[in-house]
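J.: Generate coordinates for the sequence data below:
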Amino acid sequence: SLFDEPLAIAVQGLGPRQQVTLRTSLRDETGELFQASARYQAGDDGQLDLARCPALPGGSFSGLEPMGLLWALQPQKPFWRLVKRDVQSPFLLQLEVFEGHGERSGRLLAQAQHERAFLRDGVRRVPVREGRIRATLFLPP
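T.: Residues are numbered from 1 along each chain as shown. So this is what the prediction gives:
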């Protein structure tokens, strides 16, 4: 998906009302780790859709926040910022589902990797260097 597009996150195959912790992580271009986590309870059908299920207290955020696992990403190094310098390569987002809500992560139930790209296919990147002007022009296909 593109970095500025909403991402739908859902988990299937859980037990009825099963408690799980979801964690996201990514590494920036310098290798610094950013993470966020949230506690959830699956529905009676074992489904968990972040657009309909609120995060429970105790994680990086709480309440109905479908994109919370992305906007709540925090660096492990204090005062570090998430900056993307090379927009031609995507961020690789790791998503993990753990059993339970304890301080220590429970058993890993599922994991996935997702690319968050910055340029749509076919977009051309043109460097602009004119006098003192330094810019980049992005042209759609």
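J.: CA atoms only for stretch 1-13, dumped as PDB, please.
T.: These are the backbone C-alpha positions of stretch 1-13, laid out as PDB (Å, rounded to 0.1, in the frame of the first residue of the first chain):
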ATOM      1  CA  SER A   1       0.000   0.000   0.000                       C
ATOM      2  CA  LEU A   2       1.000   3.600  -0.300                       C
ATOM      3  CA  PHE A   3       2.300   5.300   2.900                       C
ATOM      4  CA  ASP A   4      -0.600   7.800   3.000                       C
ATOM      5  CA  GLU A   5      -3.400   5.300   2.300                       C
ATOM      6  CA  PRO A   6      -5.400   3.600   5.100                       C
ATOM      7  CA  LEU A   7      -4.400   0.100   5.900                       C
ATOM      8  CA  ALA A   8      -7.100  -2.400   6.900                       C
ATOM      9  CA  ILE A   9      -5.800  -4.800   9.600                       C
ATOM     10  CA  ALA A  10      -7.800  -7.900  10.600                       C
ATOM     11  CA  VAL A  11      -7.100 -11.200  12.200                       C
ATOM     12  CA  GLN A  12      -9.100 -14.400  11.600                       C
ATOM     13  CA  GLY A  13      -9.100 -17.800  13.200                       C
END
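J.: low-scoring stretches of this protein, by residue?
T.: For the chain, no stretch is flagged by pLDDT under 70.
J.: Check the gap between residue 115 and residue 7 for me.
T.: Distance, residue 115 to residue 7, using Cβ to Cβ, to the nearest Å: 11 Å. All C-beta atoms are positioned from the backbone trio N, CA, C, and that covers glycine.
J.: Can you tell me the centre-most residue of the chain?
T.: Nearest to the geometric centre of the chain sits residue 70, at 3.7 Å (Cα atoms, centre = their mean).
J.: between residue 115 and residue 7, what contacts are shared?
T.: Shared contacts of residue 115 and residue 7, defined by Cβ atoms under 8 Å, 6 or more residues apart in numbering, are found at residue 1.
J.: For these two, indicate the residue with more neighbours.
T.: Per other Cβ atoms under 10 Å, whichever of residue 115 and residue 7 has more neighbours is residue 7, with 17 against 12.
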